[in-house]
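Trainee: Sequence and predicted structure are below.
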Amino acid sequence: MKPGGSTSLTDDDATSLFGQLSAILTGDAALAAAAVRRHLKTLQHAADGGGVAHVLQRFRDLKESQGNIVEGVRNQLVNDASLGPLVKNILLLWFTGQIPPPGTQAAASQDDYFEALMWSAVGAHPPGLSDAYFGHWRYPPDEGGP
């Protein structure tokens, strides 16, 4: 946060910054806008909102500094002792579709589970989702990526 700078973000600013930060963290520049909004709300609820706003404000400041944004995210967010755990939860949320509260095993929503980035990372489709014919599971997944 910049000295004397604004400490509040509009919902649109927060969504935009969260989408941009998520793209850097995941390496995926084509994250679905609906998933960005869903994941931001999930994270705000799980982290009680305040920490998320602080991460997004720090990210905004990093962008405005005109330095190497990827290096800045790594050094100033991921490796930060206070912000790092929340930033790592962003990755967990994108790749698994959920952030279970401590001590529980909360299930992801259907959309979050099916759209979790872990499936494309391993080159597979989510178990339980079939966009193919009956028995398609007998064959190995398609090789290669988009």
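Mentor: It's in.

Trainee: Residues contacting the helix or strand harbouring Lys41, please?
Mentor: Using DSSP states H and E, Lys41 sits in helix 33-46. Helix 33-46 has contacts (C-beta atoms under 8 Å, 6 or more residues apart in numbering) with 14-15, 18-19, 22, 52, 86, 89-90, 93-94, 98-99, 101, 109, 111-112, 115. C-betas here are computed from N, CA, C, even on glycine.

Trainee: Report the buried members of the residues you listed.
Mentor: For these, a burial check counting by 16 or more other C-beta atoms under 10 Å picks out 14-15, 18-19, 22, 52, 86, 89-90, 93-94, 98-99, 112, 115.

Trainee: Kindly check the end-to-end length of stretch 127-141 for me.
Mentor: Stretch 127-141 stretches 12 Å from its first residue to its last (C-alpha to C-alpha, to the nearest Å).

Trainee: ditto for stretch 75-94
Mentor: This stretch, stretch 75-94, spans 21 Å end to end (C-alpha to C-alpha).

Trainee: got the buried residues for that stretch?
Mentor: Under 16+ other C-beta under 10 Å, the buried positions of stretch 75-94 are Gln76, Leu77, Leu83, Leu86, Val87, Asn89, Ile90, Leu93, Trp94.

Trainee: Using CSV, please lay out those together with secondary structure, pLDDT and distance to Ala33.
Mentor: CSV is the format used below for the buried residues of stretch 75-94 (DSSP: H, G, I helix; E, B strand; the rest coil; pLDDT from 0 to 100; distance: C-beta to C-beta, whole Å):
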residue, secondary structure, pLDDT, distance to Ala33
Gln76, helix, 93, 26
Leu77, helix, 95, 22
Leu83, coil, 92, 25
Leu86, helix, 90, 22
Val87, helix, 92, 21
Asn89, helix, 89, 20
Ile90, helix, 92, 16
Leu93, helix, 89, 16
Trp94, helix, 91, 14
